[in-house]
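Q: any chance you could fold what I've pasted below:
(chains A, B, C and D)
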Number of protein chains: 2
Amino acid sequence: MPVPLYQAKADFFRTLGHPVRVRVLELLQHGPLPVRDLLAGIDVEASNLSQQLAVLRRAGIVTSTREGSTVVYALSSNDVADLLRAARRILTDMIAGQGELLAELREAEHTRPG
Amino acid sequence: MPVPLYQAKADFFRTLGHPVRVRVLELLQHGPLPVRDLLAGIDVEASNLSQQLAVLRRAGIVTSTREGSTVVYALSSNDVADLLRAARRILTDMIAGQGELLAELREAEHTRPG
DNA sequence: GATGGACTTGAAGAAGTTTTCAATTGGCTA
DNA sequence: TAGCCAATTGAAAACTTCTTCAAGTCCATC
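A: Okay, here's the model as predicted:
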């Protein structure tokens, strides 16, 4: 019996639910990078980054290969970029929606009932 | 100063990172539903479902409207369906990748080096 | 205005995640 | 092979989220 798909999805989303991990995936969208470069692009301690990379590796979302004395990370699936794009669209929508709500509220101040 | 986008994305993914919440979004993909119907489609206590619905509401991912004595939930953005589709693609890829890995391992048993 | 059904809330303990730091591994070069 | 740099690991403390249960609100109907 396989893990139900909604459970697998939940685990997957939970894995993405950390700012450092999202940042790593954004940086890897354009191609593989050594840890050194990830470290340069994210404001975090090396050991903390390693912990977060381990979470992504265990989930199978990224792969790592040693090249001499450095380690290079890459996305396991190119679809990760699609997912991040979809997330951006939703967040943009939601923020726009909040903007409208705010505008309505402001308007209500001028046209209050009573 | 806005919340950085990667932080907003992480919060958003964390919000999706629970099996009941994923199931709710899947059920709402085809249109709004009353709590009663969500409850019928998810194996969870009413009060637990309410807690999870509250998480989705606070995050702005769903909206609720009271209709008489029942409460109806709906997705705030239609893009949520795209996101779930992208997640399904990635998971399918990853499982297929694992299948290949497994096949390679099995093959290695027959052609072992030495 | 009392009763019942539908849903939500508050709060407390259990369970899980994150951060941090010291210790460790692997590879390169003197 | 000693020393160094890059990255990882293990473990404990701090923090967050999840589950559960009792109590609460809101509406409809009697």
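Q: going forward, measure contacts and count neighbours with C-alpha atoms only.
A: Noted.
Q: can you classify residue A:74 by secondary structure?
A: The three-state assignment at residue A:74 reads strand, by DSSP: H, G, I helix; E, B strand; the rest coil.
Q: quick one: it from residue A:64, how far?
A: Residue A:74 sits 7 Å away from residue A:64, going by CA to CA, to the nearest Å.
Q: more crowded one of the two?
A: residue A:74 (22 against 18; other CA atoms under 10 Å in any protein chain shown).
Q: now do the same for the more buried one: its pLDDT.
A: Residue A:74 carries a pLDDT score of 97 in this model.
Q: what of residue A:58?
A: For residue A:58, the predicted pLDDT is 95.
Q: need the contact list for residue A:62.
A: A:56, A:73-77 (CA atoms under 8 Å, 6 or more residues apart in numbering or on different chains).
Q: was I right to think residue A:59 contacts residue A:15?
A: Yes - using CA atoms under 8 Å, residue A:59 makes contact with residue A:15 at a distance of 7.2 Å.
Q: quick check, central residue of chain A?
A: By CA atoms, centre = their mean, chain A has its centre lying nearest to residue A:22, at 2.7 Å.
Q: now do the contacts for that one.
A: The neighbours of residue A:22, taking CA under 8 Å, 6+ apart as the test, are A:16, B:6, B:9-10.
Q: now the angle between helix B:5-16 and whichever strand or helix holds residue A:9, please.
A: Element membership of residue A:9, judged by DSSP states H and E, is helix A:5-16. Helix A:5-16 and helix B:5-16 meet at an angle of 150 degrees, taking axes from the mean of the first three to the mean of the last three CA atoms, to 10 degrees as the criterion.
Q: how long is stretch A:64-84 from one end to the other?
A: Start-to-end, stretch A:64-84 (CA to CA) is 21 Å.
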